[in-house]
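# quick one: sequence plus predicted model below, questions after.
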Amino acid sequence: MSLATTKSSEQLEALKILYANTSHGLVISIFVSIIIVFGLNFKVDQSITLGKSVWLCTILFTLWLRYLDALYFKTKIRKPEPVNIKYHQCRFSSGCIITACLWAIFAIVFYDASNILETTVITIILSALAGGSVNVLSGHRFTAIIYSAILLIPYSTFLLFTELYYLQVLGVLGLSFSFVMIASANKSARFTLHSIRLQNQNEHLLQEMERKVEQRTEQISRLSNTDPLTSMPNRKAFLSKSQQYIIDNPTKSFALFFIDLDMFKQINDTLGHQVGDRVLKETAKRIENASLSVPCKCRWGGDEFLLLMPYQNQEHCSLLARQLIATISKPHPQLGDHDWLSATIGVAVYPQHTNDLSNLIQFADIAMYHQKRKEKGGVAYFDDSLQHTLDRELLLSTRLKTAGDENALRLVFQPIVNSQTHHISSFEALLRWQLDGQPISPDEFIAIAEQYGIINDLGLWVFEQACQYVIDFKLVERKLTMSVNVSVMQLQDKRFITKLRSLLTKYQLSPSVFHLEVTESIFAADKAHFANTIKTLQENNFVISIDDFGTGYSSLSNMLDIGVDIVKIDKSFVQNMDKRGLSVINAVVNIAESLKFTTVAEGVETQEQANTLTEIGVTHLQGYYFAKPLEVEEVHSKLAS
Ligand code: C2E
Ligand code: MG
Ligand code: MG
């Protein structure tokens, strides 16, 4: 607070004290003036009576004006506008000075009409008034001093020049008293000012403390509601704000967007967490800018963002969602050439889908997840069938965890044959699951095992079973191999190779008996990392096969870079050989020789397909034409024949 403001606030406080004391002062003044006029009226004279009446009217009028002034001041300070302190001080002082002058005039003018007793009483009254004013007027030093001075000095001086010794003594006493009163008024005014100052200081300290406490509270609440990385509201803030927003708009419908970044994990893994953080910050900024009118938004966690907004219709929602995806997918300077950041959005609508906020978020999440599996970078709306999908996923994932112990899992084996001789060269181990007697398709349960983190244990179980069947089928003696499917997630496990090696040691088998089939989707993720893992597996004498080639992200140049041992051409090409399929198979075969990998065509169902593929130069064939996946006993009889 500046010096000037401090001073004026002190002056205002002093003025308030002055006006607060006014009513007492006025009551005493009225009382005394009436007493003095009517009580001391010894000498009855018409002109004097008239004079006294005029004086009484004048002083009562003055006191009434001062009373009005006090009321006016009270109404003024109640208003928010600043008070003109000098102006009010001036009005107040004028009132006091006029009153004091009227007292002094009374004493001097009616001196002749009063006897010694009256003169003494008047002197005493003036002294008493001066004495009283010391405290009552202590809010303004000048007024307090001048009031006492006017009351006592003129009249006491006047008495000094009278002829009566007694009155002269009275004059001397009056004068002396006036000096004492002036000194007291001065001291009392100082004291009052000092008290006001102390009180102000205390108030300032208190205000300052309150301000700091408020600031701190605000800061704490801001921090607890803000995501530290992106400065967006966090999960907690979003939930409470959305809850309130829904309560405040009971008749409205709302759309919840669940935004999840695509490929963010890969950015983190390949370019490091610092780059990942910068990308998240930038993405949050883009989302904020693209959703300025959206009332509730947050970073939900990791690479997930939520928006809650009034729902108009599906077209409007889809438009907004697509705009958001387009903004998020714009090149990020932090990513250099890696322009693969995009987002997938799931939408759920309140109250159509649910009237519970946490369910709404879950439904939008399900829709997003569903869309992600179908096609990244798109928008999906929740519907009841998705809920059924989720329920089934949950059931399957729970039951899959215990399927091994319940003896509900088994392997079947599909032969892979040499295209020239049609002799079996390998068996592909394929997992089967019977849930309460019902077969579940591997395409369905393998995906669930991957999503719910069961695949590592499941894959290891398959590999151990495969080891046992290598021995059971005497594949090493027969110079045959066992192909085992390996999920991308297994390759991400740092201890994967160690785990395989310890099983091989347990069953005393060589890694070269195994062909590890990995799907080419691995190339969609971090190519360098997987190339490394594959290389390590090859160095450990495992044979690496790329499964379902042509359906995913890999290209022949990937094969060149990584140097795989076998390429399994996906059955979709075999079954479409009359169209584009043939040219793809031709291309693979042509390059196979120079890159030194073997080719397998999957899904061969007819003799015609088998013949064409053999003519083109595919070295191995697999499909129903040769054999469907076989049960263990069937493999035994097949091998025996
Ligand atoms: P995949 O590795 O490409 O296996 C070949 C799939 O093609 C098998 O389906 C097989 O039954 C089917 N198939 C073979 N010949 C023909 C044919 O002539 N015509 C047609 N239409 N289909 C044929 P399945 O057994 O349903 O397996 C599906 C996928 O599940 C497998 O594709 C593989 O990716 C995955 N899978 C199966 N077992 C395992 C496993 O133990 N681990 C992992 N990670 N994945 C597995
Ligand atoms: Mg396979
Ligand atoms: Mg395949």
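Arrived safely. Numbering: from 1, shown residues only. Ligands and ions are numbered 1, 2, ... in the order given.

# the protein against ligand 3: which residues are in contact?
D547, D548, E602 (C-beta under 5 Å from the ion). Any C-beta I mention is one placed from the backbone N, CA and C, and that applies to glycine too.

# which stretches of the stretch 451-600 of the chain have low pLDDT?
520-527, 552-560 (pLDDT under 70).

# show me what from it comes close to ligand 2.
Near ligand 2, when you scan the stretch 451-600 of the chain using C-beta under 5 Å from the ion, you find N485, E517, D547.

# name the member of these with the most neighbours.
Among these, D547 has the most neighbours (other C-beta atoms under 10 Å), with 24 neighbours.

# so who does that residue touch?
With contact set as C-beta atoms under 8 Å, 6 or more residues apart in numbering, D547 has these partners: N485, E517, V518, T519, E520, K568.

# quick check: chain neighbours aside, which residue is closest to it?
Nearest non-adjacent residue to D547, counting by C-beta to C-beta, 6 or more residues apart in numbering: E517, 4.2 Å away.

# which residues does I569 bridge with?
F549, A601 (DSSP bridges).

# what does the stretch 501-641 of the chain put close to ligand 1?
Within the stretch 501-641 of the chain, the positions near ligand 1 by C-beta under 6 Å from any ligand atom are E517, D547, D548, K571, E602, G603, V604, E605, Q622, G623, Y624, P629.

# PyMOL command for the buried members of those?
To isolate the buried members of those in PyMOL, using 16 or more other C-beta atoms under 10 Å:
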select buried, resi 517+547+548+571+602+603+604+622+623+629
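
# T533: which of the residues of the stretch 501-641 of the chain next to ligand 1 is nearest?
In terms of C-beta to C-beta, no member of those lies closer to T533 than E517, at 14.4 Å.

# from D561, how far off is that closest one?
Using C-beta to C-beta, to the nearest Å, we find E517 at a distance of 19 Å from D561.

# also L460?
According to C-beta to C-beta, L460 stands 28 Å off from D561.

# what helix or strand does L411 sit in?
strand 409-418 (DSSP states H and E).

# and the contacts of that strand?
Counting by C-beta under 8 Å, 6+ apart, residues outside strand 409-418 touching it are 403, 423-434, 461-462, 465-466, 469, 483, 600, 619-622, 626-632, 635, 638.

# helix or strand: which one has the closest residue to ligand 3 within the stretch 51-200 of the chain?
Closest approach of the stretch 51-200 of the chain to ligand 3 (C-beta to the ion) occurs at P80, with a separation of 80.6 Å. Using DSSP H and E, P80 sits in no helix or strand.

# contacting residues for it?
Applying C-beta under 8 Å, 6+ apart, no residues contact P80.

# and it, what's its pLDDT?
pLDDT recorded at P80 is 84.

# just read off the phi/psi values of it.
For P80, the backbone dihedrals (degrees, to the nearest 10) come out as phi -70, psi -20.

# stretch 356-366 - what's its average pLDDT?
Rounded mean pLDDT across stretch 356-366 is 93.

# kindly report the same for stretch 96-107.
For stretch 96-107, the mean pLDDT works out to 94.

# what residues does that stretch touch?
Counting by C-beta under 8 Å, 6+ apart, 29, 36, 52, 55, 58-59, 62-63, 66, 122-123, 126, 129, 133, 137, 143, 146-147, 150-151, 154-155, 158 sit against stretch 96-107.

# can you count the residues close to R501?
R501: 13 neighbours (other C-beta under 10 Å).

# strands of the stretch 201-350 of the chain, start to end?
254-262, 296-301, 304-310, 342-350 (DSSP state E, counting those that start in this stretch).

# could these go into CSV alongside mean pLDDT?
What follows is the strands of the stretch 201-350 of the chain, written out as CSV (pLDDT from 0 to 100):
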stretch, mean pLDDT
strand 254-262, 97
strand 296-301, 95
strand 304-310, 96
strand 342-350, 96
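
# do you know which of those lies nearest ligand 2?
Using C-beta to the ion, the nearest of the strands of the stretch 201-350 of the chain to ligand 2 is strand 254-262, at 26.1 Å.

# that closest one packs against which elements?
Contacts defined by 3 or more C-beta pairs under 8 Å, 6 or more residues apart in numbering; DSSP states H and E place strand 254-262 against strand 304-310, helix 314-329, strand 342-350, helix 357-374.

# possible to save these as TSV with mean neighbour count and distance to E210?
Compiled in TSV, the helices and strands packed on strand 254-262 are given as follows (neighbours: other C-beta atoms under 10 Å; distance: least, C-beta to C-beta, whole Å):
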stretch	mean neighbour count	distance to E210
strand 304-310	22	35
helix 314-329	16	43
strand 342-350	25	41
helix 357-374	20	36
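
# any chance of these in a markdown table, with distance to K241 too?
Shown next, in a markdown table, are the helices and strands packed on strand 254-262 (distance: least, C-beta to C-beta, whole Å):
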| stretch | distance to K241 |
| --- | --- |
| strand 304-310 | 8 |
| helix 314-329 | 19 |
| strand 342-350 | 14 |
| helix 357-374 | 11 |
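
# could you export the ones you listed as CSV, including distance to ligand 1?
Formatted as CSV, the helices and strands packed on strand 254-262 follow (distance: least, C-beta to the nearest ligand atom, whole Å):
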stretch, distance to ligand 1
strand 304-310, 27
helix 314-329, 30
strand 342-350, 24
helix 357-374, 15
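
# got CSV for those, with distance to ligand 2 too?
Compiled in CSV, these are given as follows (distance: least, C-beta to the ion, whole Å):
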stretch, distance to ligand 2
strand 304-310, 33
helix 314-329, 33
strand 342-350, 28
helix 357-374, 20
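
# let me see the contact set for D570.
Per C-beta under 8 Å, 6+ apart, neighbours of D570: D548, F549, G550, T551, E602, G603.

# which of those lies closest to R91?
T551 (95.4 Å).

# what about that closest one, is that helix, strand or coil?
Here T551 is recorded as coil under DSSP: H, G, I helix; E, B strand; the rest coil.

# state the distance from it to Y624.
Per C-beta to C-beta, T551 is found 19 Å from Y624.
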